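Participant: any chance you could fold what I've pasted below:
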Amino acid sequence: MAYEFEHKILKASESKQAALLSPAKTAANKPDTGVKILKKAAYFVIRDCARVTERYLIHYIWGDLKNPIERLEGVFTKAEIESFITRSKRDPETGNFVRLS
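Facilitator: I've put the predicted structure just below:
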């Protein structure tokens, strides 16, 4: 689940992959959306890849940004930063992001 903090990181990116969050959410909930699945295993591969994308797309985009600290300076509100830090204590993906940055 991405919050406003994470969406701002995605918006700052010029990468085509930054647009994958919404399709990943759809595929994570209904992997057969828009495709005909011929093998049951494909359903689970699509679902699981979409779940990984949901969780770690922000990490990928952050790593792809050139000078992310400079580029995002002044973009976040104090409330968004506080929310992000609070979530980092309970959400593994957010916590990993904080530890990696």
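
Participant: may I have the phi/psi pair for Ile58?
Facilitator: Phi and psi for Ile58, reported as degrees, to the nearest 10, are phi -60, psi -40.

Participant: which one is it nearest to, not counting chain neighbours?
Facilitator: Leaving out its chain neighbours, the residue that sits closest to Ile58 by C-beta to C-beta, 6 or more residues apart in numbering is Glu6, at 4.7 Å. Backbone N, C-alpha and C define where each C-beta goes, glycine included.

Participant: wait, the one you found sits on Tyr56?
Facilitator: No: between Glu6 and Tyr56 there is no contact under C-beta atoms under 8 Å: 11.1 Å.

Participant: so for these two, which sits in the more crowded spot?
Facilitator: Glu6 (22 against 13; other C-beta atoms under 10 Å).

Participant: average pLDDT across the one helix or strand that one maps to?
Facilitator: For Glu6, the host element (DSSP states H and E) is helix 4-12. For helix 4-12, mean pLDDT rounds to 93.

Participant: how far does that helix sit from the chain's center?
Facilitator: 9 Å (C-alpha atoms, centre = their mean, to the nearest Å).

Participant: report the inter-axis angle for whichever helix or strand comes after it versus helix 4-12.
Facilitator: Using DSSP H and E, the helix or strand that follows helix 4-12 in sequence is helix 21-29. Per axes from the mean of the first three to the mean of the last three C-alpha atoms, to 10 degrees, the angle that helix 21-29 makes with helix 4-12 is 120 degrees.

Participant: can you name every helix or strand that helix 21-29 contacts?
Facilitator: With contacts taken as 3 or more C-beta pairs under 8 Å, 6 or more residues apart in numbering; DSSP states H and E, helix 21-29 sits against helix 40-64.
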